[in-house]
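*Asks:* show me the folded form of this:
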Amino acid sequence: MRIASLVPSATEALFALGLGDDVVAVTHECDFPSGVAELPRLTRSVIPAGLDAAEIDARVREVTGRGEALYELDAETLEELEPDLVVTQALCAVCAVSYDDVRAVAGRLRSTPEVISLDPERLDEVLDDLVRLADAASVQGRGEVLRRELRARLDAVSAAVDGAPRPRVAALEWLDPPFVGGHWVPEMIVAAGGTSAVGSPGEKSRTETWRAIAATRPDVAVAMPCGLYADEALDEAERHREELESLGIRACFAVDAAASFSRPGPRLVDGVELLGHLLHPDLVSAPAGAEWRALWG
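*Replies:* Got it, this is the predicted structure:
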């Protein structure tokens, strides 16, 4: 089967399902696993590089406010590749190519590919989508196996922190302006032995004021700006150290959001394990390869 992935989380899931050899193209943001490096890229962002956080937020609002897409799809290359399956998403307008654009382009292809959209809002739905994806790729059974393996790791973290104090955690998906984490992130915090101070399971991430975040009395803040690696997240957090200190928190960490938090794929389990380690270092070991930096605490 020839599969085109138009969202990084789907790319990661396909490789985790043992379908890496079937993936014929990915997005410009796909950077994991290493096997994606040589694959054709089907998308590009209309947001120029080099902007700071506030400028990126302003440009995104400007483009989406005009009803325009943030990403462009290389329809010509997609047609040349003749995929049998195209995997995309419609959950987040700022995360991938427009779902309507994908459907329109796919409908014109000679290969008449099936289009599957993965749009989980909760942690269990992320795991369930692995089964859907495996079934769509005609490898029934692999999804069930992977889901069981990931669920066992989540259960192991929950068992390790059972009975431990639960610090209140503010997950920040952007810092200028501050966005509080929603969707699956609050559930990740709970699974890791914490309490979500802001953000509710299944709800969209949203902007909030620093004053309002402080009013929730968080103990710990985790800076997880979308699209930034751990060192970049640390730099961004340092630029907002005064605001973070105003929250009254005892600890603040910066993490690689793309690797472990913002992409609804298998590595969210790494994120739960990492959070478990940050909140309860004596009870949960840090997962291999998950990067984080401590501002203080």
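
*Asks:* which secondary element of the protein has the worst mean pLDDT?
*Replies:* helix 53-65 (a mean of 73; mean pLDDT, DSSP states H and E).

*Asks:* pairing partners for the following helix or strand past it, with directions?
*Replies:* Towards the C-terminus, the helix or strand next in line after helix 53-65, according to DSSP states H and E, is strand 71-73. As defined by DSSP bridges, the strand partners of strand 71-73 come to strand 43-45 (antiparallel).

*Asks:* distance from the strand it pairs with to the middle of the chain?
*Replies:* Mean-position distance between strand 43-45 and its chain equals 17 Å (C-alpha atoms, centre = their mean, to the nearest Å).

*Asks:* which other helices and strands contact the least confident helix or strand of the chain?
*Replies:* Contact here means 3 or more C-beta pairs under 8 Å, 6 or more residues apart in numbering; DSSP states H and E; on that basis helix 53-65 packs against strand 168-175. No exception for glycine: its C-beta is placed from N, CA and C like everyone else's.

*Asks:* hmm, back to that, buried set for the least confident helix or strand of the chain?
*Replies:* Taking 16 or more other C-beta atoms under 10 Å as the neighbour-count basis, helix 53-65 is seen to contain the buried residues 53, 56-57, 60, 63.

*Asks:* for Met224, state which of those is nearest.
*Replies:* Proximity of the buried residues of helix 53-65 to Met224, judged by C-beta to C-beta, is greatest for Ala53, which lies at 12.9 Å.

*Asks:* neighbours of the residue nearest to the closest one when sequence neighbours are not counted, just the number please.
*Replies:* Here the nearest residue to Ala53 in space, its sequence neighbours aside, is Asp176; by C-beta to C-beta, 6 or more residues apart in numbering that works out to 4.0 Å. A count of nearby residues for Asp176, using other C-beta atoms under 10 Å, gives 17.

*Asks:* let me see the contact set for Asp176.
*Replies:* Contact partners of Asp176, counting by C-beta atoms under 8 Å, 6 or more residues apart in numbering, are 52-54, 57, 236, 239-240.

*Asks:* can you list the buried residues in stretch 105-115?
*Replies:* Those would be 105-106, 109, 111, 113, 115, for stretch 105-115 by 16+ other C-beta under 10 Å.

*Asks:* nearest to Ala197, of these?
*Replies:* When the buried residues of stretch 105-115 are compared for distance to Ala197 (C-beta to C-beta), Val115 comes out closest, at 38.2 Å.

*Asks:* please identify which helix or strand holds the closest one.
*Replies:* strand 114-117.

*Asks:* and that strand, what does it pack onto?
*Replies:* The helices and strands touching strand 114-117, judged by 3+ C-beta pairs under 8 Å, 6+ apart, are strand 85-88, helix 99-106, helix 123-136.
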